[in-house]
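Undergrad: Mind folding the following:
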Amino acid sequence: MWKKALLASVALMIAGVLVFAAAAATSADDGKNVNPGGPMGGPFNGKVMERAAQILGIDQQKLADAFKQAEKELAQKNMDDLFAKWVSDGKLTQAQADQYKAWLNARPADMPPLAFMDAAKATEALDRLLKDSRITQAQYDACKAWLAQKPAFELPKPDRPPRADNSTPRQRPDMPAWK
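TA: Residues are numbered from 1 along each chain as shown. Model (predicted):
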């Protein structure tokens, strides 16, 4: 009787190990991650992108490139709309908007998003990236040169809609105040 129980428990353990291994193998990164979301990451891993390309009957790289292009176009439109609003609201002149947009568009390729940091924080971030070998010395120099060309005026803060309950993030009527 105890031999049957021992045999059943061993078989159960082997089955569990096999199920665990199969689950780990299917969830593991297969190195095919295509990231159309740019440097900040995208919503699609390689398997989803691969399947979507199969469904559409197109090359996976063409689909990834289309996502990258759409993201770039929408980001440009959003930037243009924001600067147009600042000009129409009288927060910037058209010349200032054009100068800042030209500077943003001259950003070196594959540069981390440092444009809206102050100079000290941007330099600190670049130093860290260089030290960690995430960028080369040439990329570092190009970024520093670009940041040195930043227009001398500050951009207005984007308008944020008021909170529905007229509270601040740290002061809500239904929660005690932070001390």
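Undergrad: Pull out the buried positions in the helix or strand hosting Ala75.
TA: Assigning secondary structure by DSSP states H and E places Ala75 in helix 60-88. Of the residues in helix 60-88, Gln60, Leu63, Ala64, Phe67, Lys68, Leu82, Phe83, Trp86, Val87 count as buried by neighbour count, 16 or more other C-beta atoms under 10 Å. All C-beta spots, glycine's among them, are computed from the backbone N, C-alpha and C.
Undergrad: same question, stretch 100-117
TA: Of the residues in stretch 100-117, those buried (16+ other C-beta under 10 Å) are Tyr100, Lys101, Leu104, Met111, Pro112, Leu114.
Undergrad: Also stretch 140-149?
TA: Those would be Ala142, Cys143, Trp146, Leu147, for stretch 140-149 by 16+ other C-beta under 10 Å.
Undergrad: any chance of those residues in CSV, plus pLDDT?
TA: Listed next are the buried residues of stretch 140-149 as CSV, based on pLDDT from 0 to 100:
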residue, pLDDT
Ala142, 90
Cys143, 88
Trp146, 89
Leu147, 87
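Undergrad: Return the member of the residues you listed nearest to Lys91.
TA: Leu147 (23.0 Å; C-beta to C-beta).
Undergrad: what sits up against the helix or strand hosting the closest one?
TA: Applying DSSP H and E as the criterion places Leu147 in helix 137-148. With contact meaning C-beta atoms under 8 Å, 6 or more residues apart in numbering, helix 137-148 is reached by 103, 106-108, 110-112, 114, 119, 122-123, 126, 129-130, 135.
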